[in-house]
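Visitor: what would the 3D arrangement of this be:
(one chain, ligands or ions: 1)
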Amino acid sequence: MSFNTISVIGLGYIGLPTATMFASKGKNVIGVDVNQNIVDTINGGKIHIVEPELDVMLKKVVDSGFLKATTTPEPADAFLIAVPTPFLPVKDDALIPEPDLSFIKSAAKSVAKVIKKGDLVILESTSPVGTTEKMSAWLAEERKDLSFPQTHGEGSDIRIAHCPERVLPGQVVRELVENDRVIGGMTNKCSKASVEVYKTFVEGDCVLTNARTAEMAKLTENSFRDVNIAFANELSVICDKLDIDVWELIKIANLHPRVNILEPGAGVGGHCIAVDPWFIISRTPDESKLIHTARQVNDYKPQWVINKVKSAVRDFLSENKDKTIEDITVSCFGLAFKPNIDDLRESPALKIAKELADLNFGNFLAVEPNIVDLPDSLKKDITLVSIESAIESSDICVLLVDHSEFKLITRSQLNNKFVIDTKGILIGGNK
Ligand code: SAJ
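Guide: Numbers count the residues shown, from 1 in each chain. As a prediction, the model looks like this:
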């Protein structure tokens, strides 16, 4: 068995680094994306996402001809599908969002046109349990001339597996190589073939299981983190009410050898932790009580922060009777969905800033050291400024993301200001 030509379908945050990695090891890689601009950018030797080290690697493999991008699949020996799995917009009466598998379905249908006997199709996208089997059924529907594992087991013409991506944005290049990989084949042969593909660059262990367990493993990892962050967020709300510093509390509790509480914050953002638990809840709503509650606790946190800002505004106005809301300057420190990245998508900090903008403060400022310009949708309401000018002119400072730059701010710089510190930035050390 040899996999010389590898096709990666979906050239986003996971697909592009994965395609680049295979190409850097001398595989012929065909990257496929429905977006012509993305394809053109990649073929021009550039990347359309922000990921450290990837730009240099990609330029090299495009220049040397090992990676080319196209909008329609071409024959290959292995196909890796790394397309988004968002959830569908929630209808008024439905409280649990349903996963949207349409991107996987259309990727499968397009791949079906070019697969041949002996090929391997791997689903990398984070997916609800049973999706790999569905994908295999969609392929079988299109290709009645080929046999698939659900009907022909080990003897099938096409091999199918789920190997979920587990890398952390910002550290993708390192983690792709070093992390252990979960390999969930629909049969043993499917798993073995997948290991051969990943061993091209994976230095971590390839752990073999079946497709359903691999799907659930990925959802479990992100739900575990969500539940643990929810515990920290709930503690922060409790401590606020009881006048206890939650950061000191967590530090003390974590001294216990079997306690390791995560960090509270402005909410849980990004495209994974806040989404994937819903894939479990929507399949097993009655059995997923803890996971469901954790989602609700984390989703409520931005609103709690907004309420804290509103209460600070009321306190400010009662201390300054000659002033109105138009005299107040408010600054949000951080807009990204987590520290030290420029990604504003699905960001609780951004959601908070957008809602606060509606309160029509005299001046509404934001500091986000990782971007040079605000998105157009925010420009009307928010002014992007430096840390120094935000500190100088603000009456109320809302610390939303613990970017490294903000950790240098000292308590004395914010004397006489109302401060809502969601990340414990002013706690500890000599502050
Ligand atoms: N957060 C907290 N407190 C914490 C840790 C995180 O509030 O103690 C917040 C962050 O600020 C952010 C959100 O949670 O808003 C998610 O950030 P993250 O760093 O926990 O995770 P992601 O979404 O960047 O990446 C996760 C990772 N999963 C796990 O750590 C279990 C990554 O390994 C996965 O590959 C990725 O999801 C994915 O693609 O599924």
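Visitor: near the ligand, which residues of the chain?
Guide: The chain has residues 126, 165-169, 221-222, 225, 229, 262-263, 265, 268-270, 272-273, 337-338 near the ligand, with proximity defined as C-beta under 6 Å from any ligand atom. (Glycine included, C-beta is placed from N, CA and C.)
Visitor: now do the helices in the stretch 251-400 of the chain.
Guide: When secondary structure is read from DSSP state H, counting those that start in this stretch, the stretch 251-400 of the chain shows helices at 276-283, 289-319, 348-357, 376-379, 387-393.
Visitor: possible to save these as JSON lines with mean pLDDT and mean neighbour count?
Guide: Compiled in JSON lines, those are given as follows (pLDDT from 0 to 100; neighbours: other C-beta atoms under 10 Å):
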{"stretch": "helix 276-283", "mean pLDDT": "96", "mean neighbour count": "22"}
{"stretch": "helix 289-319", "mean pLDDT": "97", "mean neighbour count": "17"}
{"stretch": "helix 348-357", "mean pLDDT": "96", "mean neighbour count": "23"}
{"stretch": "helix 376-379", "mean pLDDT": "88", "mean neighbour count": "12"}
{"stretch": "helix 387-393", "mean pLDDT": "96", "mean neighbour count": "15"}
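Visitor: reformat those helices into TSV and put distance to Thr20 next to each item.
Guide: Below are the helices of the stretch 251-400 of the chain laid out as TSV (distance: least, C-beta to C-beta, whole Å):
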stretch	distance to Thr20
helix 276-283	25
helix 289-319	33
helix 348-357	29
helix 376-379	30
helix 387-393	35
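Visitor: okay, now Leu219: neighbour count?
Guide: The burial metric for Leu219, expressed as a neighbour count using other C-beta atoms under 10 Å, is 23.
Visitor: so which of the helices of the stretch 251-400 of the chain is nearest His256?
Guide: The stretch from the helices of the stretch 251-400 of the chain with the least distance to His256 (C-beta to C-beta) is helix 289-319; that distance is 21.7 Å.
Visitor: any idea how far Val367 lies from Asn416?
Guide: Here the distance between Val367 and Asn416 works out to 19 Å (C-beta to C-beta, to the nearest Å).
Visitor: please apply the same query to Ile81.
Guide: Taking C-beta to C-beta as the measure, Ile81 falls 56 Å from Asn416.
Visitor: so which of those two has more stuff around it?
Guide: Relative neighbour count places Ile81 above the other of Ile81 and Asn416, with 25 against 5, counting by other C-beta under 10 Å.
Visitor: ok, that one touching Ile104?
Guide: Yes: look at Ile81 against Ile104 with C-beta atoms under 8 Å: they come within range, at 6.4 Å.
Visitor: shared neighbours, those two?
Guide: Where contact means C-beta atoms under 8 Å, 6 or more residues apart in numbering, the residues bridging Ile81 and Ile104 through contact with each are Leu123, Ser125, Met135.
Visitor: who is the first one paired with across the strands?
Guide: Beta-bridge partners for Leu123, by DSSP bridges, are Ile81, His162.
Visitor: assumed Met57 was part of a helix.
Guide: Yes: counting by DSSP: H, G, I helix; E, B strand; the rest coil, Met57 is part of a helix.
Visitor: that one and the ligand: what is the separation?
Guide: The gap separating Met57 from the ligand is 19 Å, by C-beta to the nearest ligand atom, to the nearest Å.
Visitor: now swap in Ala23 and tell me
Guide: Plainly put, Ala23 is 21 Å away from the ligand if you go by C-beta to the nearest ligand atom.
Visitor: that residue: how many residues sit nearby?
Guide: One way to gauge burial is a neighbour count; for Ala23, by other C-beta under 10 Å, it gives 26.
Visitor: got it, and the one 3 residues further on?
Guide: With neighbours defined by other C-beta under 10 Å, the count for Gly26 comes to 12.
Visitor: would you say it is within a helix?
Guide: No: according to three-state DSSP, the state of Gly26 is coil, so it is not within a helix.
Visitor: could you report the pLDDT at the closest residue to it other than its chain neighbours?
Guide: Taking C-beta to C-beta, 6 or more residues apart in numbering as the measure, Gly26 lies nearest to Phe66, with 6.6 Å between them; neighbours along the chain are not counted. In this model, Phe66 is scored at 98, pLDDT.
Visitor: got phi/psi on Phe66?
Guide: Listed backbone geometry of Phe66 is phi -80, psi -20, with angles given as degrees, to the nearest 10.
Visitor: from Asn4, how far out is it?
Guide: Distance of Phe66 to Asn4, computed by C-beta to C-beta: 11 Å.
Visitor: what about the two, which has more around it?
Guide: For Phe66 and Asn4, the more surrounded residue by other C-beta under 10 Å is Phe66, and the numbers stand at 18 against 10.
Visitor: please tell me how far the more buried one sits from Leu16.
Guide: 14 Å.
Visitor: spit out the residues that contact these two alike.
Guide: For the pair Phe66 and Leu16, no residue contacts each of them under the criterion C-beta under 8 Å, 6+ apart.
Visitor: what are the boundaries of the strands in the chain?
Guide: In order along the chain, the chain carries the following strands (DSSP state E): 5-9, 28-32, 67-70, 78-81, 120-123, 159-162, 181-185, 206-210, 329-333, 363-367, 383-384, 396-399, 418-421.
Visitor: just say which of these is most tucked in.
Guide: Across the strands of the chain, averaging neighbours per residue (mean count of other C-beta atoms under 10 Å) puts strand 159-162 on top, at a mean of 30.
Visitor: with respect to Lys46, which of the shared contacts of Ile81 and Ile104 is nearest?
Guide: Of all these, the one with the least separation from Lys46 (C-beta to C-beta) is Ser125, at 24.3 Å.
Visitor: isn't that closest one right up against Ala108?
Guide: No: between Ser125 and Ala108 no contact is recorded; they are 10.9 Å apart, counting by C-beta under 8 Å.
Visitor: mean confidence for stretch 4-23?
Guide: On average, stretch 4-23 scores 97.
Visitor: C-alpha coordinates for it, PDB please?
Guide: What follows is stretch 4-23 as a C-alpha-only set of coordinates in PDB (Å, rounded to 0.1, in the frame of the first residue of the first chain):
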ATOM      1  CA  ASN A   4       2.000   9.100  -2.900                       C
ATOM      2  CA  THR A   5      -0.700  11.500  -3.800                       C
ATOM      3  CA  ILE A   6      -2.800  13.000  -1.000                       C
ATOM      4  CA  SER A   7      -5.700  15.300  -1.400                       C
ATOM      5  CA  VAL A   8      -6.900  17.600   1.300                       C
ATOM      6  CA  ILE A   9     -10.400  18.900   1.000                       C
ATOM      7  CA  GLY A  10     -11.000  22.200   2.800                       C
ATOM      8  CA  LEU A  11      -8.000  24.500   3.100                       C
ATOM      9  CA  GLY A  12      -8.800  26.300   6.300                       C
ATOM     10  CA  TYR A  13      -7.100  26.500   9.700                       C
ATOM     11  CA  ILE A  14      -6.600  22.700   9.800                       C
ATOM     12  CA  GLY A  15      -6.600  21.600   6.100                       C
ATOM     13  CA  LEU A  16      -4.000  24.100   4.900                       C
ATOM     14  CA  PRO A  17      -1.400  23.300   7.600                       C
ATOM     15  CA  THR A  18      -2.100  19.500   7.100                       C
ATOM     16  CA  ALA A  19      -1.700  19.800   3.300                       C
ATOM     17  CA  THR A  20       1.500  21.800   3.800                       C
ATOM     18  CA  MET A  21       2.900  19.200   6.200                       C
ATOM     19  CA  PHE A  22       2.400  16.300   3.800                       C
ATOM     20  CA  ALA A  23       4.000  18.300   1.000                       C
END
